[in-house]
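Colleague: what's the 3D shape of this:
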Amino acid sequence: MGRIFGTDGARGVANTELTCELAMQIGRAAAMVLIENSKNNNRPKVLIGMDTRASSQMLESAISAGLCSVGADVLQIGVVPTPAVAFLVRKYDCDAGVMISASHNPCEYNGIKIFQGNGYKLPDALENEIEEIILDNAAEIPEPIGGEVGRVTIKTDAVADYIEHLLSATNMSFKGYKIALDCANGSSSVSAEELFTRLGAEVVVINASPDGVNINKDCGSTHLEQLQKCVVEKGCDLGFAFDGDADRMLAVDHTGAVVDGDKCIAVCAKHMKQIGKLKKDTAVVTVMSNMGFFKFCEENGIKCEKTNVGDRYVLENMSANGYSIGGEQSGHIIFLQYATTGDGQLSAIQLLAVIKDTGRTLKDLADEMEVYPQVLINIRVSNFGKAQFKKDKEVQNAIKKVEQKLGDEGRILVRLSGTEPLIRVMLEGKDYDRICELGESVAAVIRERLV
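Modeller: You can find the predicted model right below:
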């Protein structure tokens, strides 16, 4: 068995890859690691939230059983966004928080993401400890009895507490704005309509009727067509699309044009700099950000820090260096003043605040950043293919040839997905047809060698 935790927790097809047995093992091992540093007299208290997938309740029961069997108490808060877990684990003084979600993936997938008591994702060292207990029997798991067994408490007002937190992030009213919200039939279905209505906006909500299997299905931040149509047909000023666990946000302007994470970060970072709130005049993004973002920053006196792909690496850089904004093209945006993880609804509030403060439209603000043509090819590969990717000389040579052909006129980035069995081939350049052709040439070699 390989590593349990990827770049964003443990993830797989629920009940075949991410089984109840594995979830229970993760709970037991996590409780052991937490007991060592418990704030609650060696009886850890662990908060558990989940998204709307059919399998989430099953996995919630399994991981709760694992935690209780080692003496940890569990606080179940039901369906909430991932960033709610990161916030509430601190508010409720828990030792750790668990989010059961596979984010933007289809309903058959699920995942287990663990947060520390300070609201930050579990560091690699503690994930490794948990893995060693599960995979290598690195420690003997205790079996308490009687009153030493952990107990489960259900809390029903967690969403209300989270909404109050988001409301405190702005003192503005958005009365006069008409906003479309695509909740992806996921976690934001329990919070977005109330949140933006209380902020004064007129809201049009779509895809907020989860049934366990429709999460992310042709909707949300990975399928923007419905939101684009809704914004135009309903005459909205703009729209926001969230993913299944609401830690991502992508926007749509009043014409129906998509405003991705790069553009949202650019708009917010520029405004923050202008009002003196961009710490060290720096924004943190990943190597996947568009070349146009870096050009925009250069033109506006904003410094850039680049990290590996994954919002956890963006956050690590921000925390270590005291930066205030960072994120990914995919819509994970972190405002460290308010949150310790990406928060789609918080990002929407911050973007709305810039729009109101400047008196400009989202289209006007976003068009200041030129986007270089970009091609992204996802290739589903075997586990063997993923393992051989960096070792295969023909694949690596194909990549080098394209790098040489692009020179200073573009770039190629080929990487393994941290959450899915995919190799992602990304190219940027001024000539779209050319980068498509070059990208397919690399993809063909990967398909031949690694599928």
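Colleague: Residue ranges in this structure under the pLDDT threshold?
Modeller: 1-2, 7, 37-41, 419 (pLDDT under 70).
Colleague: quick check: domain ranges of it?
Modeller: Listed domain ranges for the chain are 5-157, 169-366, 374-450 (source: automatic domain parsing).
Colleague: okay, the ones you listed in TSV with mean neighbour count next?
Modeller: To be clear about C-beta, it is placed using only N, CA and C from the backbone, and glycine gets the same treatment. Supplementary listing: the domains of the chain in TSV, determined by neighbours: other C-beta atoms under 10 Å:
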stretch	mean neighbour count
domain 5-157	20
domain 169-366	21
domain 374-450	16
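Colleague: Minimum distance to residue 163: which of the ones you listed has it?
Modeller: domain 169-366 (5.4 Å; C-beta to C-beta).
Colleague: can you give me the end-to-end distance of the closest one?
Modeller: For domain 169-366, the first-to-last residue distance is 22 Å (C-alpha to C-alpha, to the nearest Å).
Colleague: next one: that domain to chain centre, how far?
Modeller: Between the centre of domain 169-366 and the centre of its chain there are 12 Å (C-alpha atoms, centre = their mean, to the nearest Å).
Colleague: Tell me who's in contact with residue 236.
Modeller: 178, 179, 180, 204, 230, 254 (C-beta atoms under 8 Å, 6 or more residues apart in numbering).
Colleague: From residue 262, how far out is the spatially closest residue to the last one that is not a sequence neighbour?
Modeller: Closest residue to residue 254 apart from its sequence neighbours, by C-beta to C-beta, 6 or more residues apart in numbering: residue 237 at 5.6 Å. For residue 237, the distance to residue 262 equals 21 Å [C-beta to C-beta, to the nearest Å].
Colleague: Please apply the same query to residue 446.
Modeller: Taken as C-beta to C-beta, the span from residue 446 to residue 262 is 26 Å.
Colleague: Export only the CA atoms of the helix or strand hosting residue 85, formatted as CSV.
Modeller: Remark: residue 85 resides in helix 82-91, with elements defined by DSSP states H and E. What follows is helix 82-91, C-alpha atoms only, in CSV (Å, rounded to 0.1, in the frame of the first residue of the first chain):
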residue,chain,number,x,y,z
THR,A,82,-14.2,23.0,4.7
PRO,A,83,-13.1,26.4,5.9
ALA,A,84,-15.8,26.2,8.6
VAL,A,85,-14.0,23.3,10.1
ALA,A,86,-10.7,25.3,10.0
PHE,A,87,-12.4,28.2,11.8
LEU,A,88,-14.6,26.3,14.3
VAL,A,89,-11.9,23.9,15.5
ARG,A,90,-10.4,27.0,17.1
LYS,A,91,-13.6,28.6,18.3
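Colleague: For residue 422, name its beta-bridge partners.
Modeller: In this structure, residue 422 bridges to residue 380 when assessed by DSSP bridges.
Colleague: picking that back up, tell me the contacts of the residue nearest to residue 254?
Modeller: 177, 178, 179, 254, 361, 362.
Colleague: Take those residues and keep only those in helices.
Modeller: Per DSSP state H, helices hold the following members of the contacts of residue 237: residue 362.
Colleague: hang on, the earlier thing: in JSON lines: the domains of the chain, plus distance to residue 163.
Modeller: Shown next, in JSON lines, are the domains of the chain (distance: least, C-beta to C-beta, whole Å):
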{"stretch": "domain 5-157", "distance to residue 163": "9"}
{"stretch": "domain 169-366", "distance to residue 163": "5"}
{"stretch": "domain 374-450", "distance to residue 163": "28"}
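Colleague: list the contacts for residue 109?
Modeller: 11, 12, 13, 14, 18, 102.
Colleague: same question, residue 59
Modeller: Per C-beta under 8 Å, 6+ apart, neighbours of residue 59: 14, 18, 20, 23, 50, 100, 110, 112.
Colleague: how close does it get to residue 89?
Modeller: From residue 59 to residue 89 the distance is 18 Å (C-beta to C-beta).
Colleague: Equivalent analysis for residue 204, please.
Modeller: Where residue 89 is concerned, residue 204 sits at a distance of 33 Å (C-beta to C-beta).
Colleague: do residue 339 as well
Modeller: Taken as C-beta to C-beta, the span from residue 339 to residue 89 is 12 Å.
Colleague: what touches both of the two?
Modeller: Between them, residue 339 and residue 89 share the contacting residues residue 119, judged by C-beta under 8 Å, 6+ apart.
Colleague: what's the closest non-adjacent residue to residue 5?
Modeller: residue 127 (4.4 Å).
Colleague: so the one you found makes contact with residue 26?
Modeller: No. With contact defined as C-beta atoms under 8 Å, residue 127 does not reach residue 26; the gap is 10.0 Å.
Colleague: Can you check which residues contact both of those two?
Modeller: residue 4.
Colleague: coming back round to it: any chance of the contacts of residue 236 in JSON lines, plus distance to residue 316?
Modeller: Listed next are those as JSON lines, based on distance: C-beta to C-beta, whole Å:
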{"residue": "178", "distance to residue 316": "38"}
{"residue": "179", "distance to residue 316": "33"}
{"residue": "180", "distance to residue 316": "34"}
{"residue": "204", "distance to residue 316": "37"}
{"residue": "230", "distance to residue 316": "37"}
{"residue": "254", "distance to residue 316": "36"}
